Structures are given as structure tokens and as C-alpha cells.
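*Asks:* Next input, structure requested:
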Amino acid sequence: MKFSKTLITGLVMLAGVNAFAQKKAEKFEKLQIEMFPKAKEGFKQVYIQLPIAKNENDLKVEFFVGAEKMLDCNKYFLMGDIKTQDLQGWGYNYYEVESNGEAGGTLMACPDQKKTKKFVTLKPEIVRYNSKLPLVFYVPKDLEVRYRILRPDAKMKSAVQK
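*Replies:* Numbers count the residues shown, from 1 in each chain. All right, here's what the predicted structure looks like:
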């Protein structure tokens, strides 16, 4: 009897936790990307699907196109360009990345010559947040796209006047 009460209590708690987790899960718009062109030879198509958020007008998305490389203590950047293209007839944008994966950097002396793995990127771009549209990229096969969501500070501050 005691065992069955414990078992029932455990099952009820498990169901409650599961229901809470499902409510906590992010909700996504069903996105269509079939209208976007296929990737060219040597490129891949990747996309970002943003979750539905409150006050989407307050949010921004910063995306980074790059690759992980073993590098020394210098500051590095990826050489190349990100071009915004218009999807004709739809009014949507997509991004074409032109880069051969070469990195440039500073020429500081690194005393230990130790190399570490770093994510080297093209110049990051910031775009508006819109969960209804995918962010579609065409990148060389050896590069990847990462992103972060930028949220405003809760309190607006005043500039200093002199």
C-alpha cells in the first residue's frame, strides 16, 4: 500500500514536471524555405529559425559567419564579404557569403607560440528579429553560421549633457 502511494505520487509529479517543461519549450512559426534558391556548387544553405518572442520589435539578431582555427595570441578576422540579396517576387532577403576561409590578423609577438582553437569570423551583422521569416544563408561548405539574440537593457538611461 505504501509502495503504491509512493509510486502514484511519483507519477503525478513526473506528469507535472513534463507539462511544465512543455509549456517552457520555445514556440516556433512553421517556416517555409522551399522558395529560396538551391545552394551553388561548393556552398551550403543554412538557416536560422527564431522562436516566437514577446516584443519582437525590441530584439535584434547578431550573426557571425566563420570557422574554428588553431591560432596564436594575435587577433584574427576572416577575409570575405556578406551580401544581402533579395528573393525576387517574395520581398524576403537572404545572405550570400563570399570567403575563401583565409584569415588576417595582427602581428604581435607571441612569446609562447601556443595555439588555441578560436572561432574566426567575418564582420558580424545585426538584423531585426522576426520569428515569421527565416534568416537564410549560402556559405562555403567549410564555414558555419552562429548567432545570438540581443535584448535591450530594461531601463532607458539619459546621456550626460555638458
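*Asks:* Return the distance of residue 117 relative to residue 38.
*Replies:* 32 Å (C-beta to C-beta, to the nearest Å). In this view, the C-beta of every residue, glycine as well, is placed from N, C-alpha and C.
*Asks:* okay, and for the chain, where does confidence drop off?
*Replies:* 1-26, 28-29 (pLDDT under 70).
*Asks:* Which SSE is immediately downstream of the longest strand anywhere in the chain?
*Replies:* Secondary structure of the chain per DSSP state E: the longest strand is strand 60-71. Per DSSP states H and E, the first helix or strand lying C-terminal to strand 60-71 is strand 76-78.
*Asks:* Buried ones in that next one, by neighbour count?
*Replies:* Neighbour-count burial for strand 76-78 flags 76, 78 (criterion: 16 or more other C-beta atoms under 10 Å).
*Asks:* Give me the next element, helix or strand, following it.
*Replies:* Toward the C-terminus from strand 76-78 - assigned by DSSP H and E - lies strand 81-87.
*Asks:* Who does that next one pair with, and is each partner parallel or antiparallel?
*Replies:* strand 92-98 (antiparallel) (DSSP bridges).
*Asks:* buried stuff in the strand it pairs with?
*Replies:* 92, 94, 95, 96, 97.
*Asks:* does residue 100 count as helix, strand or coil?
*Replies:* coil (DSSP: H, G, I helix; E, B strand; the rest coil).
*Asks:* Helices of the protein, residue ranges please.
*Replies:* 2-24 (DSSP state H).
*Asks:* Pick out the residue nearest the middle of it.
*Replies:* residue 147 (2.1 Å; C-alpha atoms, centre = their mean).
*Asks:* so that one touches residue 64, yeah?
*Replies:* Yes. Between residue 147 and residue 64 there is a contact under C-beta atoms under 8 Å: 6.9 Å.
*Asks:* Good, wrapping up.
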